[in-house]
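In: curious how this folds, go ahead:
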Amino acid sequence: MSRDAMARALVLEAPRRLVSRHLPLPAVGADDAVVRVVACGLCGTDHEEYTGELSGGFAFIPGHETVGTIEAIGPRAAQRWGVAVGDRVAVEVFQSCRECANCLAGQYRRCERHGVADMYGFISVDRPPGLWGGYADYQYLSPDSMVLPIPPDLDPVVATLFNPLGAGIRWGATLPGTKPGDVVAVLGPGIRGLCAAAAAKQAGAGFVMVTGLGPRDSERLALAAKFGADLAVDVAVDDPTAALTKAAGRLADVVVDVTARAPAAFAQAIALARPAGTVVIAGTRGFDSGAPGFSPDILVLKELRVLGALGVDVAAYRAALELLASGRYPFESLPRRCVGLDDAEELIATMAGERAGVPPVHGVITP
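Out: A predicted model of the protein is given here:
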């Protein structure tokens, strides 16, 4: 890279104000790197950042599902990550100091140096070198980054699903300990819900139900069968507890709630779980939303195990990349829209429901 090379990036300066800027590409030292962004996946977090529902310290370059090609890398970073210039990698959103008690215990999402404050796609553009997110043609990788090599035959756009599929694997299989023969209910038919269904089936689940709400979810519910679901239920039409009991013969061993801004879903998740079952809560609702229809006594009477799920981990990302490369599920044929930086704001606003049109199941920026 030349000393005067510049990167183009989209900076979120305030809610609904995504501005194009040019930032200098940093010189790479012995222990860091720069990737050329090939694709950056979009999820609910992206449009919640855009609208301001998920508040953060403006201004910053969003984008936390980055797949890129190593453009420049220092020798220590190359040795630690096992990659070289020209290699295609996925970038973990969290950073790890590799030294604190949490990192040493494998809980790097709670790193004492970084934690949630230093996630890629959320860091202030004013912190040098500024290129901390995937809405750009280049992204900087600090020494505390974690990267995963991408199988050479895996399409980079499909590879951006390493993040939601990694979430599905952790939330739908690893965390609850899903076993062969289990009945699993997944609340929410978005990309993470479909991925959780696929992960549960991959773990051996005997029956998987996916639920959604109303016409906006109809296309996604129709897709669920391709991703491991045995039953798809529109809860605006049918009682999911009755539907599951009728189809599977019993309530769920594992319930995975990935809904967003849906306070009533918590009570529904609890109702779907069998006595001594496990409920994983991965969708956030807002701190003041409460849980309509929920009685804590049900937790006692059913002796439920309720688990909160924050983010993913490297082991789940590796498993996700392997599953994507296997071709077992048709992730390549998901309803998808790929746009460049010039059209990114329109796509994000559409996914937020603020522009006309049907939001794609999978949105991707390809700078």
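
In: and Gln79, which of the three is it?
Out: Following DSSP: H, G, I helix; E, B strand; the rest coil, Gln79 is assigned to helix.

In: what residue spans form the domains of this protein?
Out: 6-149+335-365, 164-308 (the TED database).

In: pLDDT of the shortest one, averaged?
Out: Spelled out, that is domain 164-308. When pLDDT is averaged along domain 164-308, the result is 94.

In: before we move on, back to that, identify whichever of the domains of the chain lies nearest to Gly327.
Out: Comparing the domains of the chain against Gly327 with CB to CB, the closest turns out to be domain 164-308 (12.2 Å). For the C-beta atoms, the positions are set from N, CA and C on the backbone; glycine is no exception.

In: quick one: terminal-to-terminal distance for that closest one?
Out: 17 Å (CA to CA, to the nearest Å).

In: ditto for stretch 84-93
Out: First-to-last residue span, stretch 84-93, CA to CA: 20 Å.

In: one more: stretch 45-58?
Out: End-to-end distance of stretch 45-58 (CA to CA): 15 Å.

In: helix/strand/coil for the residue nearest to Gly130 when sequence neighbours are not counted?
Out: In space, and not counting its chain neighbours, Gly130 is closest to Leu23: 4.8 Å by CB to CB, 6 or more residues apart in numbering. Of the three states, Leu23 takes strand under three-state DSSP.

In: for burial, what's the neighbour tally of Leu23?
Out: Counted with other CB atoms under 10 Å, residues neighbouring Leu23 total 19.

In: pull up the gap between it and Trp81, please.
Out: Computed as CB to CB, to the nearest Å, the Leu23 to Trp81 distance reads 23 Å.

In: just the CA trace of stretch 210-227, in CSV.
Out: What follows is stretch 210-227 as a C-alpha-only set of coordinates in CSV (Å, rounded to 0.1, in the frame of the first residue of the first chain):
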residue,chain,number,x,y,z
VAL,A,210,-40.0,-22.1,13.8
THR,A,211,-42.5,-19.4,14.6
GLY,A,212,-43.1,-16.0,13.1
LEU,A,213,-45.7,-13.2,13.3
GLY,A,214,-47.9,-12.0,10.5
PRO,A,215,-47.4,-11.2,6.8
ARG,A,216,-44.0,-9.7,7.2
ASP,A,217,-42.7,-13.1,8.3
SER,A,218,-44.6,-15.2,5.7
GLU,A,219,-41.7,-15.6,3.2
ARG,A,220,-39.3,-16.5,6.0
LEU,A,221,-41.6,-19.1,7.5
ALA,A,222,-41.9,-20.6,4.0
LEU,A,223,-38.1,-21.0,3.9
ALA,A,224,-37.9,-22.7,7.3
ALA,A,225,-38.4,-26.2,5.9
LYS,A,226,-35.2,-25.8,3.8
PHE,A,227,-33.2,-25.1,6.9
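
In: what helix or strand is Ala222 on?
Out: Per DSSP states H and E: Ala222 is located in helix 218-223.

In: which residues of the stretch 1-150 of the chain score low on pLDDT?
Out: Across the stretch 1-150 of the chain, the ranges flagged by pLDDT under 70 are 1-3, 56.

In: mind listing the strands for the stretch 51-200 of the chain?
Out: Along the stretch 51-200 of the chain, counting by DSSP state E, counting those that start in this stretch, strands occupy 66-73, 88-91, 138-141, 147-149, 183-187.

In: return the most buried member of those.
Out: Highest mean neighbour count of those: strand 183-187, a mean of 31 (counted as mean count of other CB atoms under 10 Å).

In: and it, which strands flank it?
Out: Strand 183-187 has the following sheet partners, assigned by DSSP bridges: strand 207-212 (parallel), strand 252-257 (parallel).

In: what distance separates it from the centre of its chain?
Out: For strand 183-187, the separation from the chain centroid amounts to 18 Å (computed by CA atoms, centre = their mean, to the nearest Å).

In: helices of the stretch 1-150 of the chain, start to end?
Out: Under the criterion DSSP state H, counting those that start in this stretch, helices of the stretch 1-150 of the chain are mapped to 44-51, 75-81, 101-104.

In: go through the ones you listed and name the closest to Ala319.
Out: Ala319 lies closest to helix 75-81 among the helices of the stretch 1-150 of the chain, at 18.4 Å (CB to CB).

In: next up, the contacts around the closest residue to Ser142 other than its chain neighbours.
Out: Nearest residue to Ser142, sequence neighbours excluded (CB to CB, 6+ apart): Asp32, at 5.7 Å. Listed by CB atoms under 8 Å, 6 or more residues apart in numbering, the contact partners of Asp32 are 73-74, 77, 140-143, 145.

In: can we see that at 10 Å?
Out: Taking CB atoms under 10 Å, 6 or more residues apart in numbering, we find Asp32 in contact with 26, 72-74, 76-77, 129, 140-145.
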